[in-house]
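Trainee: next input, structure requested:
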Amino acid sequence: MKLTFTILASASALAIGVQSYAQTMDPDFAKQVKEWTTRPEFMSPLVDHLPLSSTIPSPKQAFGDHVGVPNKLHSQEQIVEYFRKLAAAAPDRVKILVLGKTNEGRENVIVMISSAANMARLETYKANLALLADPRKTSAADAARIIADTKPIYHLTAGLHSAETGPPEMTMELAYRLLTEDSPLIQKIRDNLIVAISPVLEADGRDRYVDWYHQSLIDETNDLDKPGGPPYWGKYIYHDNNRDMNFSDPSARQLLQYYLEWHPPIMHELHESVPFLYTYSGQAPQNPDLDPILYGELPFYANFEMSQLTKFGMPGVWTHGFVDAWSPGYVGFMSSNHNGMLRMYETFGNGGATTMLRHVDNGAEQTGARGGNQLQRDWFRPSPAYRNVMWSMRNNTNYMETGVLTALQLASTFPNVILENYYQKSVNSVKAGQSKAPYAYIIPGGQADLSRVKFVVDQLLMQGVEIGKTSATVEVKEGKYPAGSLLVKLDQPYGRLAKTLLKLQDNYPNDNLTTYDDAAWTMGLMTGTKIVEIADKSVLKVATTKVDKFDTPGTFGSAGAGGFVVLDTGSVNLAVLRYRLGNVAVRVAEKAFKIGKTDVPAGSFIVPASASSTLRPLVEELGLTTIAAPAKLDVTTHEVSVPRTAVFTTWGSTQSVGWVRYAFDQYKTPYDLIYKEQVRGGNLSAKYDVIIIPSQGRSAQDIVFDIPMKGKPLPYKPNDKFKTLGAYGSSDDIRGGMGSEGVTELRKFVEQGGTLITLGNASAVPTSFGLVDSVTAANASGSFNAPGPIVKAKLLQPLSPIFFGYTEATVPVRWATNTLFTIKPSSRSQVLMEFPGGKASVMSGFMKGAEEVRNRPAIINVPTGQGRVLMFATNPVWRWQTLGEYRMLYNAMLNWKSLGGVTGEAPKRPEPNVSLTATPEQDDGSKAPNRGE
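Mentor: The predicted structure is shown next:
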């Protein structure tokens with residue numbers, strides 16, 4: 001039986017549009033979604049119906065079930081195929097863009113939907129949005145004309161986080177509804193907007209998670225006992241693909257390229273976590289370098305959605321206290337960074353399609369949770385969530401789709417305002433660069449390591465920032481800079497973004513405010529590149545030529561009697577060179593010396609002349625420099641061979657390990673990825689010279705014991721039914737970590753001559769499990785708060801091979817852990833680098849409780865048996881950002897046999913020359929302490 005659905009002037013009519021309309025609806029849909037919705041108030045009048053169409057295939061026609069059916073998830077291929085069916089059925093109203101391929105070869109697509117009239121003018125709108133994005137090309141009068149003739153793009157992204165399974169499902173029903181429903185609300189959306197959808201932004205992880213769900217999670221009906229997700233989503237970066245500030249992942253990079261081509265003024269990320277629907281309002285702390293207009297737009301949308309869904313009787317909709325607007329690194333923030341607007345939802349999700357008993361407070365009041373107690377009424381949460389609730393995939397769809405339709409309702413009501421604001425923010429960006437210091441950033445020419453300069457330039461260019469090259473010396477108040485320096489003027493449309501990326505984060509508004517992600521990301525400090533902020537307005541008049549590409553060709557000199565010297569300028573590419581030279585015999589200079597008038601830095605390689613044909617193309621490719629080596633070198637050297645390297649990962653926390661893997665793969669570094677199975681198997685010293693334990697888990701215990709041995713086995717291996725499982729390692733059961741058995745094997749590895757390197761919080765493992773006896777670890781105080789600031793670290797043993805390529809007494813490093821290390825005074829020579837601590841040591845971002853880290857060890861080198869444990873309190877490979885720290889890890893790996901302290905020990909505190917009868921020193925309070933600030 002078909003149902004003719006008539007909306008009259010009622011509460012529902014007000015929701016959908018005051019005018020009445022009649023359309024044939026699907027009675028089966030109404031019946032099924034009512035059954036799948038666990039409580040009546042979890043439904044809305046926007047989504048309790050679905051039109052029948054004789055021309056457009058519904059999700060049920062494509063899959064046999066409506067969206068939200070219990071116990072069923074669709075793969076990326078199925079979802080994309082459904083959108084292709086829509087495009088085939090309505091080619092005048094649906095356009096599919098293929099952006100590229102993922103790491104594993106799946107398509108990354110965007111679907112655009114609007115009225116036939118709008119889609120016929122899509123290229124015109126695209127060109128118009130580009131004109132609005134650059135006010136230097138578009139006067140206010142022209143902008144007014146363009147705005148009147150343009151429809152904005154409202155872009156939705158789904159499936160970025162693979163465990164957040166509802167958004168890709170919901171977008172299929174949303175697309176069908178946009179194409180088939182004739183309500184005034186939907187007609188207005190079609191008429192006034194281009195709705196763009198990334199249905200599965202992380203396609204590799206979607207398929208792996210769908211397989212894992214159907215294998216291991218489909219029968220889980222209580223969130224207190226539910227196992228976690230699969231060890232891997234995508235190839236590398238797991239949940240951090242929404243923190244991929246430098247766009248390492250191809251899908252994110254492709255989305256950025258799309259953004260800069262199409263300029264959607266609004267990008268709306270669809271996520272899942274907290275109950276029942278949180279809508280992002282851009283709360284404090286806010287990046288003040290973004291346009292103030294943005295901070296008016298965000299609550300405008302969020303409050304409208306909260307009021308509408310609350311009007312429908314839907315509880316648990318809120319707007320404040322969860323995600324702030326400080327960090328620019330979230331993927332969809334590319335819109336706010338480019339004068340648009342990032343929007344975001346967090347909808348309650350079960351990590352699958354199983355209807356599940358959910359405990360919103362998990363037995364606690366959650367007074368310390370982000371957003372406060374989610375069960376408590378507040379001004380930003382007028383109708384709180386329930387303490388315990390049966391939650392379904394259909395509930396998730398109802399909330400998310402209702403929210404999205406409400407957002408589109410508001411946007412379609414004010415399309416011109418969206419475009420006016422977009423244009424005005426672009427105008428304001430140019431004006432800000434003309435009227436307020438700083439006016440530019442200079443990357444001085446003549447820097448020793450151009451590979452790091454290239455990294456910075458490539459990142460800026462990729463994000464649409466304009467860079468010029470000077471042809472003459474630049475003289476401003478800040479100093480003189482040679483011809484060939486690079487100049488980033490801020491009087492450009494994306495000048496605010498350039499400032500955000502290049503400036504010091506020295507304006508955090510309140511140390512008592514938490515931030516959702518890192519407090520600092522200053523690109524020059526994180527890469528070790530000299531970048532100078534210019535407050536002299538005359539810099540805007542400096543003539544430059546546009547930089548479209550920055551190349552760093554190497555310089556290959558002739559061989560000498562002793563072969564070649566490859567100069568160490570601090571580039572990671574020097575380590576890359578060593579790996580790519582393979583079996584060629586390479587030695588390294590332990591100290592700086594001279595060859596004629598040329599200064600040769602410590603860490604420079606000596607390569608035999610016989611390797612010339614292999615060496616030359618590598619030097620030229622990697623941007624390195626060789627000079628002739630005399631027959632006899634006036635410096636001590638040691639051999640640098642390619643180490644047999646393993647990277648250890650738990651099964652339950654692969655994300656930070658993934659960033660190490662990504663860096664190693666980018667730099668063509670050979671390694672084996674090993675798990676509890678390989679560690680327990682023992683005989684490690686026969687297989688490896690170096691084992692790295694990257695930062696992972698929350699504690700040392702997490703790393704050693706990993707996933708608890710409770711519940712059912714959790715196999716992670718491929719089979720005919722679940723083909724994506726078993727990628728990057730396989731296990732019959734991922735529960736249980738290496739345990740004490742594995743720790744014993746690591747101890748044997750070190751005692752038999754291996755080098756164990758621990759990074760970040762993994763450095764608590766040696767102290768907690770007895771691998772070292774001179775070092776202790778403890779957590780910082782409860783008031784300590786250091787969300788990734790950039791701080792000073794002091795080199796105590798600057799001649800150590802760890803610091804080849806580093807020429808300053810202090811270096812900037814990202815703070816990586818709340819674990820503080822202490823070393824016995826008699827073993828202080830084992831400290832290679834320490835944190836000076838104190839507020840003066842914080843270079844960017846903030847650290848509450850900076851006194852707690854004063855003189856704490858940052859790198860500790862502990863001989864053990866025939867080998868050693870090298871402990872980094874830092875995390876030298878943090879995301880694809882800390883390029884300036886990478887060399888420390890590479891130096892440790894390549895020089896693993898030569899870390900014994902032969903190049904000098906850390907300074908010891910002087911012993912006072914005090915007689916037995918001397919008067920003891922005492923602080924009587926008459927002098928203020930010297931804090932060394």
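Trainee: neighbours around residue 243, how many?
Mentor: For residue 243, the count of nearby residues is 17 (other C-beta atoms under 10 Å). For glycine as for every other residue, the C-beta is placed from the backbone atoms N, C-alpha and C.
Trainee: quick one, phi psi at it?
Mentor: phi -130, psi 20 (degrees, to the nearest 10).
Trainee: so who does it touch?
Mentor: Residue 243 sits next to 327, 329, 330, 517, 518, 879 when contact means C-beta atoms under 8 Å, 6 or more residues apart in numbering.
Trainee: which one of these is nearest to residue 682?
Mentor: residue 879 (33.2 Å; C-beta to C-beta).
Trainee: that closest one against residue 249, yeah?
Mentor: No - using C-beta atoms under 8 Å as the test, residue 879 is too far from residue 249 to be in contact (10.9 Å).
Trainee: returning to what we had before: out of the contacts of residue 243, who's nearest residue 206?
Mentor: The closest of the contacts of residue 243, once distances to residue 206 are taken by C-beta to C-beta, is residue 330, at 19.1 Å.
Trainee: next, give phi and psi for that closest one.
Mentor: Torsion angles, degrees, to the nearest 10, at residue 330: phi -70, psi 140.
Trainee: against residue 884, how distant is it?
Mentor: 23 Å (C-beta to C-beta, to the nearest Å).
Trainee: show me where the stretch 551-700 of the chain has its helices.
Mentor: Using DSSP state H, counting those that start in this stretch, the helices of the stretch 551-700 of the chain run over 573-580, 612-622, 655-666, 676-681, 700-705.
Trainee: in TSV, list these along with mean pLDDT.
Mentor: Output for those, formatted as TSV (pLDDT from 0 to 100):
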stretch	mean pLDDT
helix 573-580	98
helix 612-622	98
helix 655-666	98
helix 676-681	98
helix 700-705	97
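Trainee: now render the ones you listed as a markdown table, adding mean neighbour count and distance to residue 302.
Mentor: Shown next, in a markdown table, are these (neighbours: other C-beta atoms under 10 Å; distance: least, C-beta to C-beta, whole Å):
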| stretch | mean neighbour count | distance to residue 302 |
| --- | --- | --- |
| helix 573-580 | 22 | 46 |
| helix 612-622 | 16 | 48 |
| helix 655-666 | 21 | 29 |
| helix 676-681 | 19 | 44 |
| helix 700-705 | 21 | 35 |
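Trainee: save these as JSON lines, and put in distance to residue 792 too.
Mentor: What follows is these, written out as JSON lines (distance: least, C-beta to C-beta, whole Å):
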{"stretch": "helix 573-580", "distance to residue 792": "24"}
{"stretch": "helix 612-622", "distance to residue 792": "30"}
{"stretch": "helix 655-666", "distance to residue 792": "23"}
{"stretch": "helix 676-681", "distance to residue 792": "36"}
{"stretch": "helix 700-705", "distance to residue 792": "27"}
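Trainee: show me the shaky parts of this protein.
Mentor: For the chain, the stretches with pLDDT under 70 are 1-20, 362-369, 901-912, 928-933.
Trainee: nearest residue to the middle of it?
Mentor: residue 243 (2.0 Å; C-alpha atoms, centre = their mean).
Trainee: how far away is that one from residue 336?
Mentor: For residue 243, the distance to residue 336 - C-beta to C-beta - is 15 Å.
Trainee: just the strands in the stretch 601-750 of the chain please.
Mentor: 605-607, 626-628, 637-639, 645-648, 672-674, 690-693 (DSSP state E, counting those that start in this stretch).
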